[in-house]
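Student: Have a look at this prediction, sequence included:
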Amino acid sequence: MPDTRVERVDDPLPSVDVVWRSRATITPGDGLIRRSYARDGDRYLLQFRCTGPGELLIVIDGARYAGPMTSGCGGPVTTATEVTGVGGPVQISLSTVNDQPVRVAAQLVALS
């Protein structure tokens, strides 16, 4: 069963086996969408953090994960959730929950 881990970091997101990495300011009605392909059983870690007055909504289609989920954007806290491929395209959508913009750093990392 996927789980969510929260850890405090002051550094940028760590460089590991990164599938993709994005930084963006997300405004209401203008989210961030990233797509990739995952074989059945492939495991990934979605790491993200956000700052700003809003909340972040994370929705993943085409994979198993503990979601959809929201995250408060209060500072340098990196949140991570495990994502497991089901054999096909995976779409990860990040958007703001309310009408406040948020600044986001996110990456999808392959786990061995």
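Tutor: Received the coordinates, thanks.

Student: Next, the contact list for residue 75, please.
Tutor: Counting by Cβ atoms under 8 Å, 6 or more residues apart in numbering, residue 75 touches residue 51. Every C-beta, even on glycine, is put in place using the N, C-alpha and C of the backbone.

Student: so what's residue 35 closest to, chain neighbours aside?
Tutor: residue 91 (5.1 Å; Cβ to Cβ, 6 or more residues apart in numbering).

Student: Can you name the element that comes right after the helix or strand containing the one you found?
Tutor: Assignment of secondary structure by DSSP states H and E places residue 91 within strand 88-96. Note on strand 88-96: by DSSP H and E, the next helix or strand toward the C-terminus is strand 102-110.

Student: Identify the bridge partners of the residue nearest to residue 35.
Tutor: residue 35, residue 61 (DSSP bridges).

Student: Name the residues that touch the strand holding residue 91?
Tutor: Taking Cβ under 8 Å, 6+ apart as the rule, strand 88-96 contacts 24, 26-28, 31-38, 46, 48, 54-63, 83, 102, 104, 106, 108.

Student: Recalculate using a threshold of 7 Å.
Tutor: Under the contact criterion Cβ atoms under 7 Å, 6 or more residues apart in numbering, strand 88-96 has outside partners 26-28, 31-38, 46, 54-63, 102, 104, 106, 108.
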